[in-house]
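> Structure, please.
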Amino acid sequence: MKRLPESELEIMMIIWKYNRPVNRMEIEEHLKKDVAAPTILSFLNRLETKGFVSVEKIGKINWYTPLVKKEEYLQKESRNILRRMYQNSLKNFVTALYDGEGLSSQDLEDLKAFIEEKGPNTRTE
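Numbering: from 1, shown residues only. Reported below is the predicted structural model:
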């Protein structure tokens, strides 16, 4: 699975919000900045080429359906970031997030609950 540039990821995040096929106009309504319709269509075309969405033309409107699940993409991308930038170390990652700011007691409780929920994990990579 290919890594998406920021602009295409923003569009995919909008598509994933819906539980149904979406059209360009619906996507355009949710973009954080003004983007011309041809540019959005270009991004959607790239997403189709990369296998992230399928397109179905009904009348004059193209409807886009995600082919990749949000959770699947985010998990893969998170692992890539952890591997590339933090040498597969969760400790290095958390340190980078909170270095200089410290962890709140709520952060520590959340981390503790997460670790307890996952239990001893002997996964090796």
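> Every contact and neighbour count from this point should use C-alpha atoms.
OK.
> What segments of the chain are helices?
6-17, 24-30, 37-49, 70-86, 90-98, 105-118 (DSSP state H).
> Can you list the low-confidence ranges for the protein?
Applying pLDDT under 70 to the chain picks out residues 100, 121-125.
> Dead centre of it: give me the residue that sits there.
Leu74 (4.5 Å; Cα atoms, centre = their mean).
> Compute the distance between that one and Met1, please.
11 Å (Cα to Cα, to the nearest Å).
> swap in Arg46?
Arg46 is 14 Å from Met1, by Cα to Cα.
> between the two, which one's more packed in?
Arg46 (15 against 11; other Cα atoms under 10 Å).
> gap between that one and Ser89?
33 Å.
> now do Gly102
Distance from Gly102 to Ser89, by Cα to Cα: 18 Å.
> Then Gly119?
18 Å.
> same thing with Asp99?
Distance from Asp99 to Ser89, by Cα to Cα: 15 Å.
> residue contacts, Lys70?
Lys70 makes contact with 13, 16 under the criterion Cα atoms under 8 Å, 6 or more residues apart in numbering.
> before we move on, back to that, got the helices of the chain as TSV, with distance to Trp63 columns?
Shown next, in TSV, are these (distance: least, Cα to Cα, whole Å):
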stretch	distance to Trp63
helix 6-17	10
helix 24-30	8
helix 37-49	10
helix 70-86	18
helix 90-98	38
helix 105-118	39
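> Quick one, which of those gets closest to Ile58.
Counting by Cα to Cα, Ile58 lies closest to helix 24-30 out of those; the figure is 12.9 Å.
> How far off centre is that closest one?
Centroid separation between helix 24-30 and its chain, computed with Cα atoms, centre = their mean, to the nearest Å, is 18 Å.
> for stretch 73-91, same thing?
Worked out by Cα atoms, centre = their mean, stretch 73-91 lies 13 Å from the chain centre.
> what sits up against it?
With Cα under 8 Å, 6+ apart as the criterion, stretch 73-91 contacts 1, 3, 92-93.
> who's more crowded, Gly119 and Ser89?
Ser89 (12 against 9).
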